[in-house]
Each structure stands twice: as C-alpha cells, then as structure tokens.
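Chemist: have a look at this prediction, sequence included:
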Amino acid sequence: MTDSPQNRGFHAMDPEKHRAIASMGGKAVPNGKRNFSQNREAAVQAGRKGGASLPPEKRSYSQDRELAAASGRKGGKASAIAKKAAREGLGRDGLPSSTEAKC
C-alpha cells in the first residue's frame, strides 16, 4: 500500500507534534546569538566578517554594480509581488490562502 503525499512525513503528524517541533527552532540559537534585529552593530560586524572571508575577485556585488543593481531590482519586484498577494488574500502560489493550517 502506497501512502498518498498528503499522508506522509510532517503532514501526517498530529498538530501538537508540529508545534513541538516548530518551537525547537526558536530555542536552537542562544539568546546572545539571535540579536541582529535588536543590535544593528552586531549585524554590521557579522556582515563585514562574512565579506572579509571572500577574496576580492569573488565579491561580485562590490566589483559589478550592474549585477548588484539587477539583484536589488529582482528582490524588490519579488517583495512587491508578495505584498500584493498578501493584500489580495493570496498565498505565494497565487491561490487563496486560508487562516487555518493546511497540515
């Protein structure tokens, strides 16, 4: 007997188990490490550290302004589409979203 895709894995679990697993994600990172939203300076330092780990020839956005601009436009367009879908009550797939969990 083959399970249908709706009856396997995470979807087949009971809602309480879903919540238990989801809550683990928030607890996985210690408080001192999840402060970028509250501490802008920590975020800036982390970004510098990440950027410094790449050799200059691999830093494509700092070397190619057109690539950076195109990427920014693409992100802005995706953000605008998502906001419009949310206003219209649609999910990311363009279908009506529900307030109930679908799992």
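Modeler: All right, it came through fine.

Chemist: could you export the helix or strand containing Arg19 as CSV, CA atoms only?
Modeler: Using DSSP states H and E, Arg19 sits in helix 15-27. The C-alpha coordinates for helix 15-27 follow below in CSV (Å, rounded to 0.1, in the frame of the first residue of the first chain):
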residue,chain,number,x,y,z
PRO,A,15,-0.8,19.3,15.3
GLU,A,16,0.7,19.1,18.8
LYS,A,17,3.8,17.4,17.4
HIS,A,18,4.0,20.1,14.7
ARG,A,19,4.1,22.8,17.4
ALA,A,20,6.6,21.0,19.5
ILE,A,21,9.0,20.7,16.5
ALA,A,22,8.4,24.3,15.4
SER,A,23,9.2,25.6,18.9
MET,A,24,12.5,23.8,18.9
GLY,A,25,13.7,26.0,16.0
GLY,A,26,13.4,29.2,18.1
LYS,A,27,15.2,27.6,21.0
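
Chemist: helices or strands next to the helix ranked longest in the chain in the packing?
Modeler: Secondary structure of the chain read by DSSP state H shows that its longest helix is helix 65-87. Contact analysis of helix 65-87 by 3 or more CB pairs under 8 Å, 6 or more residues apart in numbering; DSSP states H and E lists helix 60-63 as its packing neighbours. (Each C-beta comes from the backbone N, C-alpha and C, glycine too.)

Chemist: ok now the helix it packs on, how far from the chain's centre?
Modeler: Here the centre of helix 60-63 is set off from its chain's centre by 23 Å, with CA atoms, centre = their mean, to the nearest Å.
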